[in-house]
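>>> below is the sequence, then the predicted model.
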Amino acid sequence: MKKLLLLVIVLFLGLISINKSVYGQADLYLNNINVYVDSYGKIAIYTLPDTIKQITRATILVGTGPDAVFDYYEDVDTEDETTILDSPTFGDYEIYGSYNNNYSGLPPNVLEKQNIYCWQDQNSIIVKYTIINREADAIDAIVGLDLVPQVEDSYSGGDTVTYSSQSNVISVRKSEAVGFKSLSEDFRIYR
C-alpha cells in the first residue's frame, strides 16, 4: 500500500513538473502593494497591508481588424513561464513572462513579452510590453490595454474616470484612486 501511495505521489509530482508552465505565476508582496501576475500574464494589484483589490486585470490587446484581436480570454497561451527574475534589469524586482496565441490559433499571430518592474517602497509599477509579429507578412496593428480597475475592491459604481491631456494620466477615483500613464506614446481615446 505504501509503495502504491508513493507511486501515485511520484506520478503526480511528475505531471506537475511536465506542466509547470500552467502553474507559473508571480505573487510579489512589496511594502505598499501586492503585484499578482497569473500564468497567462494578467496583472492584478492589491493595496497593503489591507489586501484590497484595486486593479482586477491589466492585459494587452493587439488588433489587426474587427475580427482579429489578440486578447487574454480568447487567445493567450504561455510561452515563457511567469516568474520573478533573480537579477532584475530595472527596479528592485522584475516579473517576466511571454505569451502567444497558441490557445486559439487565430490571427494575429503575435508574441507578447511582458516585463513588470517593481520597487519595494513605491506604490506603482512600470510594465513594458514587447510585441513580436509572427505572421508571414507585416501587420498593421493597434496595440491597447484591457484595463479593469476595481478601486476599493468594488464594482458598485460611484467611480469618476478622468483623463488629463497635460500629464497623459487616466485616473479612476472613489475615495482612493488608481491611475494609468503611457510612457511611450500619448493615449488615444477611441469613442
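Received the coordinates, thanks. All values derive from a computational prediction rather than experimental measurement.
>>> all strands of the chain, in order?
Listed from the start of the chain, the chain has strands (DSSP state E) covering 26-29, 33-37, 43-47, 52-65, 68-70, 77-84, 93-100, 110-118, 125-133, 142-149, 160-164, 169-173, 177-181.
>>> contacts for the first one?
In this case it means strand 26-29. For strand 26-29, the surrounding residues in contact (CB atoms under 8 Å, 6 or more residues apart in numbering) are 34-37, 48, 82-84, 93, 95, 97, 116, 118. C-beta: built from backbone N, CA, C; applies to glycine.
>>> do the fourth one as well
When contacts are defined by CB under 8 Å, 6+ apart, strand 52-65 is touched by residues 33, 41-47, 69-72, 76, 107-108, 110, 112, 114, 127, 129, 131, 139-153, 176, 178.
>>> equivalent analysis for the fifth one, please.
Outside of strand 68-70, the residues within contact range by CB under 8 Å, 6+ apart are 60-63, 76, 101, 106-108, 110, 112.
>>> what is the distance between it and the centre of its chain?
Per CA atoms, centre = their mean, to the nearest Å, the displacement of strand 68-70 from the mean C-alpha position of its chain is 17 Å.
>>> what of stretch 103-110?
Stretch 103-110 has its average C-alpha position 18 Å from the chain's average C-alpha position, going by CA atoms, centre = their mean.
>>> need the distance between the two termini of that stretch.
Start-to-end span of stretch 103-110 (CA to CA, to the nearest Å) is 12 Å.
>>> what do you get for stretch 30-42?
18 Å.
>>> now Tyr74. Nearest residue, chain neighbours left out?
I think there's a mix-up here, since residue 74 is Glu and not Tyr. Distance criterion CB to CB, 6 or more residues apart in numbering; nearest residue to Glu74, sequence neighbours excluded, is Ser104 at 5.6 Å.
>>> my guess is the one you found meets Tyr73, correct?
No - taking contacts as CB atoms under 8 Å, Ser104 lies outside contact range of Tyr73: 9.8 Å.
>>> how about low-confidence regions in the protein?
Counting by pLDDT under 70, the chain contains low-confidence ranges at 1-23, 155, 185-191.
>>> list only buried entries from the contacts of strand 68-70.
Buried members of the contacts of strand 68-70, scored by 16 or more other CB atoms under 10 Å, are 60-63, 76, 101, 107-108, 110, 112.
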